[in-house]
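Student: Sequence and predicted structure, then a few things I'm wondering about:
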Amino acid sequence: MTASTLQRVQQAIADLRYRRNDMARGLVRQRTSTIGLVIAEIETPLFLQAIPIIQPLARAADYDLLIYSAKDEQNEAQAIDLLLEKDVAGVVFLSTSAYSHSHHLLPLLEAGKKAILVNRAQGLPQLDRVNWDNEGGIEQAVLHLTAMGHTRIAHLCGPPHRYSSMERVRGYRSALVKSGLTYDPALVQMVDYTGSPDTWRDATQSLLRLDPRPTAIIAADDMIAGAALSTLHHAGLRVPEDVSIIGIDDQHFASILHPPLTTVKLPVPEAGRHAIEMLLARMTGDTSPPKQLLLPCPLLVRQSVAPPKEELNP
């Protein structure tokens, strides 16, 4: 096609306001051209980190991305109905670890669709899964603190209905054993990620009333770490001179808190990349046994951790 012909075609497309018909396009190519992405907790930025990874890889494979939010498993089932109506080729599910039921995913498989589960407590055995090492991440955090001399390490843990919370408590306890420290249940306070910041502050204040109080706190996520940081400042305590704080997630604001927050990074972008690559492979004929990936959660050391005060001033 010559340049002048191409210009006339493009002008005709603009004049006619032509829009591509993906269903017709799919019939010609004998496959649908859309992938679904179902995200839990779209109101928080954590899982959104996966979109800039997943979308370009999908587009490079000539697929559009259709995104749905599902705050619980009932919403997820509704999203699946809509995605089946759209005749998607496959779906990536970015879940919270509270999502333990997967029977409502069966209609996808019965329709011949492919699916990948990310951060799900349990899944159908025939589906690939990508998870991250919550237990190992918290173990690293505790060992980092004990190496600096901390022996009174508190944990603001997430609610027990989230599998990740229980994994992190296991990592916390395992690291205490490795460090020769005794588990003290008074140092573990449950907080709800989705609750009011007032409850996060109350939990932090409960820890500060202990005698002796903890010299370090590992929070359930960076938002709760931020609330703990504020609570400590209002109590006249300095971070990290009086109390060290470690968060979980590595959300965008963690590095600009005062002081910058040491945190356990959840590998959401990496999980998104693995998930879309695995989905594309399944959609192009990969029939290998189901895979289960466990991604590491590295500790990002910043300025919110220091040796305990008694070590600095023996």
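Tutor: Arrived safely.

Student: Would you map the strands across the stretch 151-300 of the chain?
Tutor: Using DSSP state E, counting those that start in this stretch, the strands of the stretch 151-300 of the chain run over 153-157, 188-190, 216-218, 244-249, 262-265, 292-295, 299-300.

Student: who wins for proximity to Thr146 among these?
Tutor: strand 153-157 (7.3 Å; C-beta to C-beta). For the C-beta atoms, the positions are set from N, CA and C on the backbone; glycine is no exception.

Student: strands paired with the closest one, and their directions?
Tutor: Sheet pairing for strand 153-157, assigned by DSSP bridges, gives strand 188-190 (parallel), strand 216-218 (parallel).

Student: In a markdown table, list those along with mean pLDDT.
Tutor: Output for these, formatted as a markdown table (pLDDT from 0 to 100):
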| stretch | mean pLDDT |
| --- | --- |
| strand 188-190 | 94 |
| strand 216-218 | 98 |
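
Student: coming back round to it: for the strands of the stretch 151-300 of the chain, give me TSV that also has mean neighbour count and distance to Leu207.
Tutor: Converted to TSV, those look like this (neighbours: other C-beta atoms under 10 Å; distance: least, C-beta to C-beta, whole Å):
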stretch	mean neighbour count	distance to Leu207
strand 153-157	26	5
strand 188-190	17	6
strand 216-218	30	7
strand 244-249	28	11
strand 262-265	26	18
strand 292-295	15	30
strand 299-300	18	21
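
Student: quick one: which of those is nearest Pro307?
Tutor: That would be, of the strands of the stretch 151-300 of the chain and by C-beta to C-beta, strand 244-249, which comes in at 8.5 Å.

Student: Can you give me the buried ones in the helix or strand containing Ile80?
Tutor: Using DSSP states H and E, Ile80 sits within helix 73-85. Neighbour counts using 16 or more other C-beta atoms under 10 Å place 73, 76, 79-80, 83-84 of helix 73-85 among the buried residues.

Student: Farthest-apart pair in those, please.
Tutor: Farthest apart among the buried residues of helix 73-85 - using C-beta to C-beta - are Glu73 and Leu84, which lie 16.5 Å from each other.

Student: re the thing from before, which of the buried residues of helix 73-85 sits closest to Ala121?
Tutor: Closest to Ala121, out of all of those and judged by C-beta to C-beta, is Glu73, at 11.2 Å.

Student: any idea how far that closest one is from Ser102?
Tutor: 9 Å (C-beta to C-beta, to the nearest Å).

Student: quick one on the thing from earlier: will you turn the strands paired with strand 153-157 into a markdown table that also has distance to Pro56?
Tutor: Shown next, in a markdown table, are the strands paired with strand 153-157 (distance: least, C-beta to C-beta, whole Å):
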| stretch | distance to Pro56 |
| --- | --- |
| strand 188-190 | 39 |
| strand 216-218 | 34 |
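
Student: Which one of those lies nearest to Ala141?
Tutor: Per C-beta to C-beta, nearest to Ala141 of those: strand 216-218, 5.4 Å.

Student: who touches that closest one?
Tutor: 138, 141-142, 145, 150, 152-156, 172, 204, 207, 225, 228, 243-246, 248, 305, 308 (C-beta atoms under 8 Å, 6 or more residues apart in numbering).
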